[in-house]
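Chemist: I would like to see how this sequence folds:
(chains A and B)
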2 protein chains.
Amino acid sequence: MSENRSPDQAQDALQRMVQALRALPGVGPKSAQRMAFHLLQHDRNGAAVLGQSLLDAVNHIQHCSSCNTFSELNICTTCSDDRRDPSILCVVETPADQLMVEQTLTYKGLYFVLMGRLSPLDGLGPNEIHLDRLIERVEKSPIPVKEVVLATNFTSEGEATAHYIGEIMKVRDIKVSRIARGVPVGGELEYVDASTLARAMMDRRSVS
Amino acid sequence: MSENRSPDQAQDALQRMVQALRALPGVGPKSAQRMAFHLLQHDRNGAAVLGQSLLDAVNHIQHCSSCNTFSELNICTTCSDDRRDPSILCVVETPADQLMVEQTLTYKGLYFVLMGRLSPLDGLGPNEIHLDRLIERVEKSPIPVKEVVLATNFTSEGEATAHYIGEIMKVRDIKVSRIARGVPVGGELEYVDASTLARAMMDRRSVS
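Modeler: Next comes the predicted model:
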């Protein structure tokens, strides 16, 4: 309680907190207020930890200069892990996608994180998502990249991005692959949409 | 980019940030990750402002010693506003409820914010929600409180709280009122639940 603060400042810390919470995606005025009241009433320690961790993150986290993911280091731990195969490069849209691929435990190559996707309608072309960095990454790799695995989303933007990067890699004589589309594991045909099932039918594999 | 940080610290700032975001109500692991990536990629300034505002709020915001709402001052601006009628006291559950009543522009008395409600099933009795503070507020008021308006929620907990406080005030010869229940403004009878309509029927007013 600071008695020496003027009444004009009285509502400020709370109002600023509510306003600042709206920087979070999907948080409107009502949610921001609810969050602020919850933190002040039930979890002041959590609020203090969150505040400090946000400042730490903003001050220390940059992009890995090799794979472009978020990292506090110039070269992230994944890129500097010498147990990984540097001849294969998986291209994903976001660090969240990278984490999902990592969780499968099926991939032991390196990554390149686009931090976006081609989306001409939003004004995001090859320059905006810095595809030159991916090209530089591939061309200047100390150990040549033999295969690029395109793991962008199966949305129209993700598909366009995959196609565009595929063309770039093909002219450089690098093998290009795309992760498989089809019926999800545990999926029931009755509930799968027609285009997924159509693709699963077209991409059917021989059972040996 | 801090080159002198060890690899062990490398993921820490990001992981700590994601973990800390889970202190927010309704934010699970996936949402926390999405929020963290969003802030780092698209709104670093917003994250810095949010971080600082949380620390400021935790350090400066306490409870008004008169009405118990959140305030940076010992006595909040509402309680110290001499244009308000100190003989009437509106009891609400939360600061959010207080803001809602304020927005109606129909109430010019003072408030008492319970910061909770009676909820025996959750172990919240009269002592846990500090009803002694409300009693002290009423008994030690420099200008006597003539009326207490009960504006707790119309949930079973809110109703029980209103009833309990009502009994406390009645033995002290203070007039007790409850905000009206009924069909909401703009409400259509077809879509109002039966118990609301029943209450609206019982509480019908003569049209003069």
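
Chemist: list the buried ones in stretch A:102-119?
Modeler: Under the neighbour-count criterion of 16 or more other Cβ atoms under 10 Å in any protein chain shown, stretch A:102-119 has A:107, A:109-119 buried. C-beta: built from backbone N, CA, C; applies to glycine.

Chemist: quick check: mean pLDDT of that stretch?
Modeler: Averaged across stretch A:102-119, the pLDDT comes to 92.

Chemist: ok, now stretch A:185-205?
Modeler: Per-residue pLDDT over stretch A:185-205 has a mean of 83.

Chemist: buried set for that stretch?
Modeler: A:196, A:199-200.

Chemist: restricted to helices, list those.
Modeler: A:196, A:199-200 (DSSP state H).

Chemist: and which of those is nearest B:A23?
Modeler: Ranked by distance to B:A23 (Cβ to Cβ), those are led by A:T196 at 38.0 Å.

Chemist: isn't the closest one right up against A:V183?
Modeler: Yes: using Cβ atoms under 8 Å, A:T196 is in contact with A:V183, at 6.6 Å.

Chemist: ok, what's across the strand from A:F70?
Modeler: Note on A:F70: beta-bridge partners A:H63, judged by DSSP bridges.

Chemist: retrieve the pLDDT associated with it.
Modeler: pLDDT at A:F70 comes out at 94.

Chemist: ok, it - contacts?
Modeler: A:61-64, A:95, B:14, B:37, B:40 (Cβ atoms under 8 Å, 6 or more residues apart in numbering or on different chains).

Chemist: where does pLDDT dip in chain A?
Modeler: By pLDDT under 70, the low-scoring segments of chain A are A:1-11.

Chemist: chain center to the biggest strand by length in chain A: distance?
Modeler: Longest among the strand segments of chain A by residue count, using DSSP state E, is strand A:85-92. Taking Cα atoms, centre = their mean, to the nearest Å, one finds strand A:85-92 lying 16 Å from the centre of the chain it belongs to.

Chemist: just the CA trace of the helix or strand following it, in CSV.
Modeler: Next in sequence after strand A:85-92, counting helices and strands by DSSP states H and E, comes helix A:95-103. In CSV, the C-alpha atoms belonging to helix A:95-103 read as follows (Å, rounded to 0.1, in the frame of the first residue of the first chain):
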residue,chain,number,x,y,z
PRO,A,95,8.2,-23.9,-33.1
ALA,A,96,5.0,-25.6,-31.9
ASP,A,97,5.0,-27.8,-35.1
GLN,A,98,8.7,-28.6,-34.4
LEU,A,99,7.8,-29.7,-30.9
MET,A,100,5.0,-31.9,-32.3
VAL,A,101,7.4,-33.6,-34.7
GLU,A,102,10.0,-34.0,-31.9
GLN,A,103,7.4,-35.7,-29.8
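
Chemist: if you count contacts, what does helix A:95-103 end up packed against?
Modeler: On a contact count with 3 or more Cβ pairs under 8 Å, 6 or more residues apart in numbering or on different chains; DSSP states H and E, helix A:95-103 meets strand A:85-92, strand A:109-113, helix B:29-42.

Chemist: list the buried residues in it.
Modeler: Applying 16+ other Cβ under 10 Å to helix A:95-103 flags A:95, A:97-98, A:101 as buried.

Chemist: what's the angle between it and helix B:29-42?
Modeler: 130 degrees (axes from the mean of the first three to the mean of the last three Cα atoms, to 10 degrees).

Chemist: okay, the angle between the longest helix that chain A contains and helix B:44-60?
Modeler: Ranked by residue count, the top helix of chain A under DSSP H comes out as helix A:44-60. Angle of helix A:44-60 versus helix B:44-60, following the same axes, to 10 degrees, is 150 degrees.

Chemist: give me the contact list for helix A:44-60.
Modeler: Helix A:44-60 has contacts (Cβ under 8 Å, 6+ apart) with A:39-40, A:72, B:2, B:5, B:13-14, B:16-17, B:19-21, B:23-24, B:36, B:39-40, B:44, B:47-48, B:50-55, B:57-58.

Chemist: who's in contact with A:V101?
Modeler: Contact partners of A:V101, counting by Cβ under 8 Å, 6+ apart, are A:90, A:92, A:107, A:111, A:151.

Chemist: okay, and the beta partners of the first one?
Modeler: Just to be clear, that refers to A:C90. The partner residues for A:C90, given DSSP bridges, come to A:Y111, A:V149.

Chemist: and A:V148, how close does it get to B:H60?
Modeler: Using Cβ to Cβ, to the nearest Å, A:V148 is found at 52 Å from B:H60.

Chemist: between these two, which is the more surrounded one?
Modeler: Higher neighbour count among A:V148 and B:H60: A:V148, with 26 against 18, using other Cβ atoms under 10 Å in any protein chain shown.

Chemist: for the ones in helices among the buried residues of stretch A:185-205, which one is nearest chain B?
Modeler: Relative to chain B, the closest of these is A:T196; by Cβ to the nearest Cβ it sits at 22.6 Å.

Chemist: on that earlier part again, buried only: go through the contacts of helix A:44-60 for me.
Modeler: Buried subset of these (neighbour count, 16+ other Cβ under 10 Å): A:39-40, A:72, B:13-14, B:16-17, B:20-21, B:23-24, B:36, B:39-40, B:44, B:47-48, B:50-55, B:57-58.

Chemist: quick one: contacts for the spatially most central residue of chain A?
Modeler: The centroid of chain A falls nearest to A:T94 when counting by Cα atoms, centre = their mean (1.6 Å). For A:T94, the contacting residues are A:113-115, B:37, by Cβ under 8 Å, 6+ apart.

Chemist: okay if I get these as CSV plus distance to B:D81?
Modeler: Converted to CSV, the contacts of A:T94 look like this (distance: Cβ to Cβ, whole Å):
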residue, distance to B:D81
A:V113, 54
A:L114, 55
A:M115, 50
B:F37, 44
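
Chemist: farthest pair within those?
Modeler: Farthest-apart pair in the contacts of A:T94 is A:L114 and B:F37; separation 12.9 Å (Cβ to Cβ).

Chemist: what is the burial count for the nearest residue to A:P142 once chain neighbours are set aside?
Modeler: Spatial nearest neighbour of A:P142, excluding adjacent residues (Cβ to Cβ, 6 or more residues apart in numbering or on different chains): A:P86 at 7.7 Å. By the other Cβ under 10 Å criterion, the neighbourhood of A:P86 contains 17 residues.

Chemist: repeat that for A:A162.
Modeler: By other Cβ under 10 Å, neighbour count at A:A162 equals 23.
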